[in-house]
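**Q** Provided below for reference: sequence and predicted model.
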Amino acid sequence: QVQLVESGGGLVQAGGSLRLSCAASLRAFSSYIMGWFRQAPGKEREFVAAIGWRRTDYADSVKGRFTISRDNAKNTVFLQVNSLKPEDTAVYYCAAGQDPGSRYSTSYYNYWGQGTQVTVSS
């Protein structure tokens with residue numbers, strides 16, 4: 001059974017940082033595109049970042065502040081979030097996908113974690 005388990009969320013003041021982790025029980029982990037999404041109360045789930053073998057992609061709202069990385073030996077993907085703003089408050093989800101398609105879309109991903117809450121106070 002595939003599991004994605006996020007950790008690292010919490011309450012932080014504006015300007016602070018967190019490092020989110022997602023441990024995946026996936027065979028051939030390195031062959032998956034790994035993505036991070038977030039969902040704020042009353043809003044749709046939105047793309048944050050994605051990483052493949054070499055390529056990384058970011059939403060415009062987080063470019064320069066967030067960094068996605070992966071450790072294929074440990075089946076783990078990370079999201080370093082810096083210079084946090086109150087509008088970054090959301091539940092952050094990691095996801096894994098393998099098929100052709102747009103990595104920016106939730107429909108691309110086959111597997112999802114349960115999410116980790118990030119709350120940024122002003």
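**A** Cool, the structure landed. Numbers count the residues shown, from 1 in each chain.
**Q** how about the helices in this structure?
**A** In the chain, no segments count as helices under DSSP state H.
**Q** low-confidence ranges in it?
**A** By pLDDT under 70, the chain has no low-scoring segment.
**Q** At which residues are the strands of it located?
**A** Using DSSP state E, the strands of the chain run over 4-7, 10-13, 18-24, 33-39, 46-51, 56-58, 66-71, 76-81, 90-97, 111-112, 116-121.
**Q** To residue 105, which of the ones you listed lies closest?
**A** strand 46-51 (7.5 Å; CB to CB). (C-beta placed from N, C-alpha, C; glycine too.)
**Q** Count residues in the vicinity of residue 48, would you?
**A** Residue neighbour count, defined by other CB atoms under 10 Å, stands at 24 for residue 48.
**Q** how about the nearest residue to it, chain neighbours excluded?
**A** Once flanking residues are discounted, residue 48 sits nearest to residue 36: 4.4 Å by CB to CB, 6 or more residues apart in numbering.
**Q** quick one: contacts for the one you found?
**A** 20, 22, 48, 49, 50, 68, 77, 79, 92, 93, 94, 95 (CB atoms under 8 Å, 6 or more residues apart in numbering).
**Q** wait, what's in contact with the second one?
**A** So that's residue 22. 4, 5, 6, 7, 34, 36, 76, 77, 78, 79, 94, 113.
**Q** Buried among these? Make that a ChimeraX selection.
**A** Remark: buried members of the contacts of residue 22, expressed as a ChimeraX selection using 16 or more other CB atoms under 10 Å:
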select :4,6,34,36,76,77,78,79,94,113
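**Q** just to revisit the earlier point, any chance of the strands of the chain in CSV with distance to residue 105 as columns?
**A** Shown next, in CSV, are the strands of the chain (distance: least, CB to CB, whole Å):
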stretch, distance to residue 105
strand 4-7, 17
strand 10-13, 28
strand 18-24, 19
strand 33-39, 9
strand 46-51, 7
strand 56-58, 12
strand 66-71, 17
strand 76-81, 18
strand 90-97, 9
strand 111-112, 13
strand 116-121, 21
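**Q** Could you report the separation of the residue nearest to residue 10 when sequence neighbours are not counted from residue 43?
**A** Spatially, and ignoring its direct neighbours in sequence, residue 10 is nearest to residue 18 (6.2 Å; CB to CB, 6+ apart). Distance of residue 18 to residue 43, computed by CB to CB, to the nearest Å: 20 Å.
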